[in-house]
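Colleague: Test case, fold it:
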Amino acid sequence: MAAHVVDPLLSQANAHDSTNHRRTASKFAPPPTPGHRPASLHSKAPTGTAAEPLNIVILGASFGGLSCAHALLDDIWPQLRTTSTAPNYRLIIVSPSTHIYWNIGAPRALVAPGLVSVEEAFIPLEPGFHRHRGLPVTFIQGSVIAWEVPEKLLTIDLHDRAARAKFKTVRPRNAYDSDVGIQRLEYHALILATGTSAHSDLLSLHGSHLNTLGALSAAHHRLAGAKTIIVGGGGCSGVEVAGQLATYLNYRGRGVARRRVKKEEWKQILLIASTDALLPGIKPKVGQKAIKALKALGIEVRLNTRIVAVKEDFDLTGQVKVELDDETAMVVDAYIACTGVFPNTKFVPKHLLDDKGYVATNPKTMRLDKIGYPGVFALGDCAAYSSNYVMDVYTAVPIVLHNLLNGPPRPRTPLGLPLRRQPGPDR
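Modeller: Residues are numbered from 1 along each chain as shown. As a prediction, this is how the structure comes out:
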């Protein structure tokens, strides 16, 4: 008879990570009898090195997912094999892209080729895990399209043949050997770090990084020949994109040698925002300084104006028609949308989301309390607690990992920055 196994991960569900949760006793299934075959991997922990490992799955491989993965392998993994009878675990990271997009540099990268190199903008993920050689970690390129919460199952649309080959390495040994592109993955613990996507594919990844590379190339071509440009959105991205466009397209040289381009090369840049000030999530003085700086670059700023529709390539010339809420329209050569973001949570059941589509997460423990079982967390931009700033990731990562091990209570402490989530596509 196999020895009874104590799972060091999630061994005392909901007992430690929130003062609002009552302490509950750990419950373990009795040892299996000879010849007994468990109905699923959840019914009992693996009982030896030959048993199927338990899957710790991270969805997303940007700032949140990568931070969690590396911290888990560096700090938590050694604690999971403290006894000879402890279960085996493996880490599986699922992401639509094999590269992280350093979109902090996107406002400059979209202006013209060469301002930000491809190598600087798109960083491959897997080489960063070379220092974890020997640990059971697998990266799979794919997108989660369904989540069966009670069954602890994820349905993944695998990106290509390479992704299908990698999935075979984490498929249960007794599973049917299929090479189809849609596969199901069972998890023991799950961390949602799927983030958000900008409405423009210039400012964030939309699937593979090759899609963004193509969008940047098309933007470079369009902007080079454009005479009139509209930037939609008065938040951080809109202000920076407008400023970068003017700086690099309408001026030559730097410092004392800086000068305007010739009149025939000048590009008219208009920034449109639905709010009564720029940068509405920050102190008003900062927004006022932004308007002054943009106007000094020759940019026109129009406030309290809402863009209601954008029609790309609406005529044979390839121009863009931008319709405004005052029932007027403008025809320009190029339009760049900087109108907020949306959470990448289409696969999450609606009862686990708030009214804006973000994952309803306990802001202190990062748990999904509505799940009904432990071991499911969300952090970063996809979670309701976040203001869509990267610092919200870094304050949450140690809390997620601490509570994953069910240590003493450790709630998240926000940094208290004067920031709030920016308005969305109605800007």
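
Colleague: What strands line up against the helix or strand containing residue 183, and which way round?
Modeller: Residue 183 is part of strand 182-186 when elements are defined by DSSP states H and E. For strand 182-186, the paired strands and their directions (DSSP bridges) are strand 153-158 (antiparallel).

Colleague: Go through the strand it pairs with and flag the buried ones.
Modeller: 154, 155, 156, 158 (16 or more other C-beta atoms under 10 Å). All C-beta spots, glycine's among them, are computed from the backbone N, C-alpha and C.

Colleague: Give me the contacts around the strand holding residue 183.
Modeller: 40-42, 55, 57, 92, 94, 145, 151-158, 164, 167, 170-172 (C-beta atoms under 8 Å, 6 or more residues apart in numbering).

Colleague: List the ones among those that fall in strands.
Modeller: Under the assignment DSSP state E, those contribute 55, 57, 92, 94, 145, 153, 154, 155, 156, 157, 158 to strands.

Colleague: so who does the closest residue to residue 248 other than its chain neighbours touch?
Modeller: Distances taken as C-beta to C-beta, 6 or more residues apart in numbering place residue 111 nearest to residue 248, at 4.8 Å, with adjacent residues excluded. Going by C-beta under 8 Å, 6+ apart, residue 111 touches 220, 223, 244, 245, 248, 249.

Colleague: from the residues you listed, which ones fall inside helices?
Modeller: If you go by DSSP state H, these have 220, 223, 244, 245, 248, 249 in helices.

Colleague: can you tell me which of these lies nearest to residue 303?
Modeller: residue 245 (18.7 Å; C-beta to C-beta).

Colleague: Do I have it right that that closest one meets residue 271?
Modeller: No: at 9.5 Å, residue 245 and residue 271 do not qualify as touching, with contact defined as C-beta atoms under 8 Å.

Colleague: who's more crowded, these two?
Modeller: Neighbour count, other C-beta atoms under 10 Å: between residue 245 and residue 271, residue 271 has more, with 29 against 26.

Colleague: Tell me what that one is bridged to.
Modeller: Here residue 271, judged by DSSP bridges, has bridge partners residue 231, residue 301.

Colleague: Then residue 139?
Modeller: Beta-bridge partners, per DSSP bridges, of residue 139: residue 93.

Colleague: For residue 169, see how far away it is.
Modeller: Residue 139 is 11 Å from residue 169, where distance means C-beta to C-beta, to the nearest Å.

Colleague: residue contacts, residue 376?
Modeller: 189, 190, 191, 192, 367, 368.

Colleague: Out of the residues you listed, list just those in strands.
Modeller: 189, 190, 191, 192.

Colleague: I'd guessed the first one sits against residue 9; true?
Modeller: It stands for residue 189. Yes: using C-beta under 8 Å, residue 189 makes contact with residue 9 at a distance of 6.3 Å.

Colleague: Determine the residues that are contacts of both of the two.
Modeller: In contact with both residue 189 and residue 9: 54, 56, 375, 404, using C-beta under 8 Å, 6+ apart.
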